[in-house]
Structures are given as C-alpha cells and as structure tokens.
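**Q** Build me a model:
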Amino acid sequence: MKFKSSLFVGAVALAATSLVAVSANADKLRWKMQSTWGSQVAINGEAAVYFSNKVKEISGGDVQLRFHEPNALVPSLEVWDAVKNGSVDAGYTTPGYHAGKIPAVSYFTAVPFGPGASEYHGWMEYGGGQQLKDRIYGEYGLKALNCLTHAPETSGWFRKKINKVEELKGMKMRFFGLGAMVMSKIGVSTQLLAGGDIYPALEKGVIDATEFSMPTHDLSYGFYQLAKFNYFPGWHQQTSIGELLMSTKGWGGLTKTQQGIINTACRDTMWWALVRSDAKQVPAMRELEKKGVTFVTWPDSEISKFKRAWEAVVEEKSASDPLFKEITASYDAFRKDYSIWSSRAYLKAKQY
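**A** Residues are numbered from 1 along each chain as shown. Just a heads-up that it's a prediction; the model follows:
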C-alpha cells in the first residue's frame, strides 16, 4: 500500500513538474524577423538590430525576434506576402514597400510636405491614422506596430547638377512612396527598389538617379561613388515611419505580456532612431564632402513646383482611389485642427 501511495505521489509530482515546464515554455517566443535594411546600414538597419536586442533584453531572453538580413529568408519587397502566408513570423519594414499592393498605405510612412515626427504620430495615435491602418492591414490578416521613426531625408542623388525641376523629365529614378507619385507627375520614370538593389541599378544604368534616405544611410550604400550631387531638402519625406509587420493570427496568439514587451521595445526604438538620425547627419555629411560630394539646396521656386505637383496628385488620386481619398481626409482634418495649436506654439517654417 505504501509502495502504491509512493507511486501515486511521484506521478502527481512528475505531472505537476511537467505542467510547470510546459507553462514556462509557453511563455517563450522564438520568431524569425527579416529586416528590409541590412545590419550595416546606419540608423534603419541599426534600429532593426537594436529592436531585436531590446526585446530580448526586456524579456530576459524569453521573447526573441531574431534579426535576419534582407533577402535571407525572402526578397525584401516580398515581406508582406511572406508574413501573410506565415513563411516569416515578422518583418521590420515600411508601409511604403507595400505600395505595389495598396498605394494609399504609403501615407503611413511619409507624406510630401508633411509634418514633423510629433505631429505625424499625433495623427496616427489621436487623429484616426492608426485606426485606418489597423483596418486596412486587418483585411489582409496583418497587424503592424510603428517601430521606427527618423528625421528628414534628402531628395536625390544625381550624376550632374540639376538647376530646374523641368530637367528631371525623362529621367529614370529610384523613388519611394507618395513622393514617387509626384516625380511621375513631373515626367520622371520611377522605380521602387530596396536599398541593396539601388547601387547596382545605378551602376548598370538601369536608373539615372536615386533617392533613398539621409546622409548616414546613403553613405552606407556608397551612392557617392556613382553620383556626386546630393539634393536637399527631402520635401517628400520630412518624417518617416517604419513598422514591425506581423500576422493578426501571430500577434493575437501572443500573451499580453509578450505583446507588451514587443510594443515597449518598438516605442523605445522609435525614440532611439529619431534622436540618432538627427544627431548623426553632420559627421556623415562631412565624410561625404571629403569624398567629393556637393550638397545642393533646391531654390524655393523649384520646391514650389514639387508642391504644386503633389497637390495635383492628391486631387487626382482622391478622385480615382476611395481609400486614398479616405486617408487624405483623415490626415488633412487632423493637420487643419493641429494648426490651431502649431501656428501659435511654433516658429513659422517656410511656406512654399
């Protein structure tokens, strides 16, 4: 009897231990995360690695979204489908890279002549932007957290000096997001290329010019070796937002703690990248100048031409694309209200 009793107690103890082990393992998460930007790319690539490390740090190693280089799992511009069909757990990417599927989602990355980071995120979090994004992505079984924010970009790398916007007509140029619509409007043939594909395309003459990001990033990719004129300001991307892309099923299957860890790491990464992207540009600009790069600022007269082209794009796309019209209405309404505050609180910026 004592022997049977001992067996019973041992079995119960073993079962309890097993349950604890199963419970502990259930709290551990191991996801594959492919980044759109390589680890060697300043700011954006660094931010992807920073985010991955921050998740592990906060969770004590229980939650890990392991960084994978661009194209390591799937081609960079195919992350949307890869996450959707479950072949990749998460993508560290940008809504602008999904423009081939849904052009209007580029609004959630950057807007020509758009706001600074605070106002932009104000629209996303308090003006309806995030609700729109959640609804649109949700229709495709996807969920995205804003997980990267950075400072203004430059507006292009050219082999020769450009004096007038009209000189761009007929050029083949890599361009991104809503800004690409503006460039197309003024007669530029645009292509969307991932960062790592730009240099060979420029080298082989597939494109005549390119924009990508800011001096730190562009220095990483070596564009200065092929084009010596870098133009300011980045009228098309005054602030840029990146995302952590997941499936709704994957996100919904996480515990509240796991979701909280990932969300907290994303918010920390956004602040880290925003401050770093502003602080690191001057050393990069000095390095580019040493390599023979000339920085050129578009005259106000030419910036005004880009602005008029953008306004024409908004009118045309809003008339032909209901989703574009809906997002534009939300964005414009928030900015109009926000101006009641910003027009009094902030020093006036140039008006084009």
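**Q** So what touches the one helix or strand residue 311 maps to?
**A** Using DSSP states H and E, residue 311 maps to helix 300-320. If you take Cβ atoms under 8 Å, 6 or more residues apart in numbering as the criterion, helix 300-320 is touched by 103-104, 112-113, 164-165, 178, 181-182, 185-186, 233, 235-236, 298, 324-325, 328, 350, 352. Any C-beta I mention is one placed from the backbone N, CA and C, and that applies to glycine too.
**Q** Going toward the C-terminus from it, what's the next helix or strand?
**A** Using DSSP H and E, the first helix or strand after helix 300-320 is helix 322-345.
**Q** pull the CA atoms of that following helix into CSV?
**A** What follows is helix 322-345, C-alpha atoms only, in CSV (Å, rounded to 0.1, in the frame of the first residue of the first chain):
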residue,chain,number,x,y,z
PRO,A,322,-11.6,55.8,-52.5
LEU,A,323,-9.1,54.6,-50.0
PHE,A,324,-6.6,57.3,-50.9
LYS,A,325,-9.4,59.8,-50.5
GLU,A,326,-10.4,58.5,-47.1
ILE,A,327,-6.9,58.6,-45.7
THR,A,328,-6.3,62.0,-47.2
ALA,A,329,-9.4,63.3,-45.5
SER,A,330,-8.4,62.0,-42.1
TYR,A,331,-4.8,63.3,-42.5
ASP,A,332,-6.0,66.8,-43.7
ALA,A,333,-8.6,67.1,-40.9
PHE,A,334,-6.0,66.4,-38.2
ARG,A,335,-3.5,68.8,-39.7
LYS,A,336,-6.1,71.6,-40.0
ASP,A,337,-7.0,71.3,-36.3
TYR,A,338,-3.4,70.9,-35.3
SER,A,339,-2.5,74.2,-37.0
ILE,A,340,-4.7,76.0,-34.4
TRP,A,341,-2.0,74.9,-31.9
SER,A,342,1.1,74.8,-34.1
SER,A,343,0.6,78.2,-35.7
ARG,A,344,0.8,79.8,-32.3
ALA,A,345,3.2,77.5,-30.5
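**Q** Buried residues, that helix. List them.
**A** Residues of helix 322-345 classed as buried by neighbour count (16 or more other Cβ atoms under 10 Å): 323, 324, 326, 327, 328, 330, 331, 334, 335, 338, 342.
**Q** the helices in the stretch 151-300 of the chain, which residues?
**A** Per DSSP state H, counting those that start in this stretch, the stretch 151-300 of the chain carries helices over the ranges 177-185, 195-203, 215-221, 248-252, 256-279, 281-290, 300-320.
**Q** And those helices: which comes nearest residue 81?
**A** helix 248-252 (14.7 Å; Cβ to Cβ).
**Q** C-alpha coordinates for the closest one, PDB please?
**A** Taking Å, rounded to 0.1, in the frame of the first residue of the first chain, the C-alpha atoms of helix 248-252 are listed here in PDB:
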ATOM      1  CA  THR A 248      -3.000  39.100 -36.900                       C
ATOM      2  CA  LYS A 249      -3.100  35.400 -36.000                       C
ATOM      3  CA  GLY A 250       0.500  35.500 -34.800                       C
ATOM      4  CA  TRP A 251       0.000  38.800 -32.800                       C
ATOM      5  CA  GLY A 252      -3.300  37.500 -31.400                       C
END
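**Q** before we move on, back to that, got a markdown table for the buried residues of helix 322-345, with pLDDT and distance to residue 270 too?
**A** Output for those, formatted as a markdown table (pLDDT from 0 to 100; distance: Cβ to Cβ, whole Å):
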| residue | pLDDT | distance to residue 270 |
| --- | --- | --- |
| 323 | 97 | 25 |
| 324 | 97 | 26 |
| 326 | 98 | 25 |
| 327 | 98 | 21 |
| 328 | 98 | 24 |
| 330 | 98 | 21 |
| 331 | 98 | 19 |
| 334 | 98 | 19 |
| 335 | 97 | 21 |
| 338 | 97 | 19 |
| 342 | 94 | 21 |
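**Q** I'd like to know which of these is nearest to residue 158.
**A** Nearest to residue 158 among these, with distances taken as Cβ to Cβ, is residue 324, at 29.4 Å.
**Q** contacting residues around the closest one?
**A** 103, 104, 107, 317, 318.
**Q** Repeat the analysis, applying 10 Å as the threshold.
**A** Taking Cβ atoms under 10 Å, 6 or more residues apart in numbering, we find residue 324 in contact with 102-107, 178, 181, 313-314, 316-318.
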